[in-house]
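**Student:** could you work out the structure for the sequence below:
(chains A and B)
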Amino acid sequence: AQSVTQLDSQVPVFEEAPVELRCNYSSSVSVYLFWYVQYPNQGLQLLLKYLSGSTLVKGINGFEAEFNKSQTSFHLRKPSVHISDTAEYFCAVSLSGTYKYIFGTGTRLKVLA
Amino acid sequence: DTGVSQNPRHKITKRGQNVTFRCDPISEHNRLYWYRQTLGQGPEFLTYFQNEAQLEKSRLLSDRFSAERPKGSFSTLEIQRTEQGDSAMYLCASSFRSAEAFFGQGTRLTVV
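**Tutor:** Predicted structure coming up:
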């Protein structure tokens, strides 16, 4: 069975500081990897995705993530955060075939002034 | 193309009542998914359609839940005899021959 672990439930960080949100997954088959952001009472917006190819993936709003197959990780990074980045971030894996998603429990990023 | 549309955005219902939610996917997207998200948790998969065929249902989907996608276009999710534990955000997503899914804004259900 597949699973996704987001180790940090909350991450406070000061504005303009760098941030890393951690994501580890477990799967016996190949998966696709995603990061989504969710603002209060909103749906999910795709930040970035890893389907194949380069393990360093760049997304919207200055975010990037690196796929590490040996460590089964897909950590999300941003070199300098803004107040507007305050939101809930979800890591997800998608299974080939059905493409249904398995999500982590989320990390609440709070950017402090 | 206005993206995935879900209606209503909010629904408050009394315990024991039936509710129905609607999802309009991005046009020509052949895959449609329903997820449920409770407070402080990530979305959990409920069910999946390819065109009009419902191909997979989660064990989370009890007998009180039913989903349809007539003609492979919009989809409805019905919950019968609602319980307080059904209170959650219900998210719909669609995709077209790829792993990337596009999500709607969700329907927040509150059972009182």
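
**Student:** every contact and neighbour count from this point should use C-alpha atoms.
**Tutor:** Will do.

**Student:** for the nearest residue to residue A:86 once chain neighbours are set aside, give me the pLDDT.
**Tutor:** Nearest residue to residue A:86 in three dimensions, chain neighbours excluded: residue A:110, at 4.8 Å (Cα to Cα, 6 or more residues apart in numbering or on different chains). pLDDT recorded at residue A:110 is 97.

**Student:** also the one 3 residues further on?
**Tutor:** At residue A:113, the model reports a pLDDT of 94.

**Student:** bridged to the residue nearest the centre of chain B, which residues?
**Tutor:** Among the residues of chain B, the one closest to the centroid is residue B:34, at 3.7 Å (Cα atoms, centre = their mean). Assessed by DSSP bridges, residue B:34 has beta-bridge partners residue B:47, residue B:92.

**Student:** now do the contacts for whichever residue of chain B sits closest to chain A.
**Tutor:** Chain B approaches chain A most closely through residue B:105 (4.0 Å), counting by Cα to the nearest Cα. Residues near residue B:105 by Cα atoms under 8 Å, 6 or more residues apart in numbering or on different chains: A:41-44, B:4-6, B:9, B:91.

**Student:** ends of stretch B:80-96, how far apart?
**Tutor:** Chord length of stretch B:80-96, first to last residue, is 30 Å (Cα to Cα, to the nearest Å).

**Student:** could you list every residue that touches the closest residue to chain B within chain A?
**Tutor:** Here chain A gets closest to chain B at one residue, residue A:43, 4.0 Å apart by Cα to the nearest Cα. Residue A:43 is in contact with B:91, B:103-106, counting by Cα under 8 Å, 6+ apart.
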